[in-house]
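# sequence first, then the predicted structure:
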Amino acid sequence: NAGVTQTPKFQVLKTGQSMTLQCAQDMNHEYMSWYRQDPGMGLRLIHYSVGAGITDQGEVPNGYNVSRSTTEDFPLRLLSAAPSQTSVYFCASSYSGTLGGREQYFGPGTRLTVT
Amino acid sequence: GESVGLHLPTLSVQEGDNSIINCAYSNSASDYFIWYKQESGKGPQFIIDIRSNMDKRQGQRVTVLLNKTVKHLSLQIAATQPGDSAVYFCAERGPGNQFYFGTGTSLTVIP
């Protein structure tokens, strides 16, 4: 299994540009999540999904959209990038019936810089 | 030790020594805790977990201690090795079954 994969690894955007961060998992996990990680702060939950067709907001959802058309994929969209969205983004998937826990696996991250 | 919102503390230990990393959590109602290891350029990796009805749990070379009275969690790594160099952070499961993550402690193992 490839586990959780994310593309791209690095991205530089100008303010106002849009882009989609890709996330895929091949473990048939129902739960998938997006986090951002900023210096001096812990991981913060952006959006999550408990199954195909179902998404919900986390702690910091503003400025981001998600969709879950398949079990495998959970893309994160930035419609109009802002410098405050400069961060490292992690996608994660979970086998168990909760968002996290020992069965949660993280992808390698996407480092996004917005100028 | 680490706590949510503070700068990243650092810890340097000699190879072969034991390491102790601390974490202060915020919610007395949190019922489940996890320690993660994050190597440079990689995503967090699960190390060990503990439920609130326990005060100690041991894994392979790692032990987690939970003190609910003072809302404190610690991770002990025995016989620290160079491959243990990484950022370690804790997470607590709080209201709404959501996880809240600490900022982390950077561990450097000196050969």
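Sure, I can see it.
# give me the beta-bridge partners of residue 35?
Looking at chain A here, since you left the chain open. Listed by DSSP bridges, the beta-bridge partners for residue A:35 are residue A:45, residue A:90.
# wrong one, chain B
With beta bridges defined as DSSP bridges, residue B:35 has these partners: residue B:48, residue B:90.
# give me the number of residues near it?
25 (other Cβ atoms under 10 Å in any protein chain shown). Placement of C-beta: from N, CA and C, glycine included.
# could you double-check that it lies in contact with residue B:45?
No. Checked against Cβ atoms under 8 Å, the pair residue B:35 and residue B:45 is beyond contact range at 10.0 Å.
# how about the residues of chain A by chain B?
Contact residues (Cβ under 8 Å from any Cβ of the partner chain) of chain A with chain B: A:4, A:39-45, A:58-59, A:90, A:92, A:98-102, A:104, A:106-109.
# what's the pLDDT at the residue nearest the centre of chain A?
Centroid-nearest residue in chain A: residue A:34, 2.8 Å away (criterion: Cα atoms, centre = their mean). The per-residue pLDDT reported for residue A:34 equals 97.
# near the closest residue to it other than its chain neighbours, how many other residues are there?
Of all residues not flanking residue A:34 in the chain, residue A:46 sits nearest, at 4.4 Å (Cβ to Cβ, 6 or more residues apart in numbering or on different chains). When neighbours are defined as other Cβ under 10 Å, residue A:46 has 23 of them.
# any of the residues of chain A next to chain B buried? List them.
Buried subset of the residues of chain A next to chain B (neighbour count, 16 or more other Cβ atoms under 10 Å in any protein chain shown): A:4, A:41-45, A:58, A:90, A:92, A:98-101, A:104, A:106-109.
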